[in-house]
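Asker: Here is a sequence with its predicted model. Questions after.
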Amino acid sequence: MAENNTSTNVEKKPAKAAEKKPNWFVKTFKGIKKWCHELRIELKKVVWPSRQQVTHDTGTVLAVVTVIGAVIWVFDLLSTSVVRALINLFAA
């Protein structure tokens, strides 16, 4: 019986020449260049608000911050008064 033994007929591939990897500076520069390119592409997709919309939104933020600040100030004033009254009540 004739056997086809493929394990003995395996051809060896020639060794590849040592491929030189790019140094750290080249890889880093390519990475930064790619990042900047992708950043420009994404910034082109952004829909920037109009001046009127920015002014309106800024006014809204300032109003909300003022109201919240006033609420915190009133709460602080009331809690301070309550704590002082309790201290004076139980002080000897």
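Answerer: Thanks, I have it.
Asker: Listing request: residues of the protein with sub-threshold pLDDT.
Answerer: 1-18, 92 (pLDDT under 70).
Asker: ranges for the helices of it?
Answerer: Assigned helices in the chain, in chain order: 24-45, 51-90 (criterion: DSSP state H).
Asker: State the number of residues packed around A70.
Answerer: As a burial measure, A70 scores 10 neighbours (other Cβ atoms under 10 Å). Heads up, the C-betas are built off the backbone N, CA and C, glycines and all.
Asker: Sorry, slip of the keys, the one I care about is L89.
Answerer: Neighbours around L89, by other Cβ under 10 Å: 7.
Asker: In contact with it, which residues?
Answerer: Contacts for L89 (Cβ atoms under 8 Å, 6 or more residues apart in numbering) come out as none.
Asker: separation between it and V83?
Answerer: 11 Å (Cβ to Cβ, to the nearest Å).
Asker: What's the separation between the residue positioned nearest the centre of the chain and K27?
Answerer: Nearest to the geometric centre of the chain sits L39, at 13.9 Å (Cα atoms, centre = their mean). Distance, L39 to K27, by Cβ to Cβ: 19 Å.
Asker: do the same with T58
Answerer: T58 is 43 Å from K27, by Cβ to Cβ.
Asker: can you pull the contacts of D76?
Answerer: Contacts of D76 by Cβ under 8 Å, 6+ apart: none found.
Asker: Adjust the sequence numbering to begin at 21 for everything that follows.
Answerer: Sure, I'll start numbering at 21, so the last one becomes D96.
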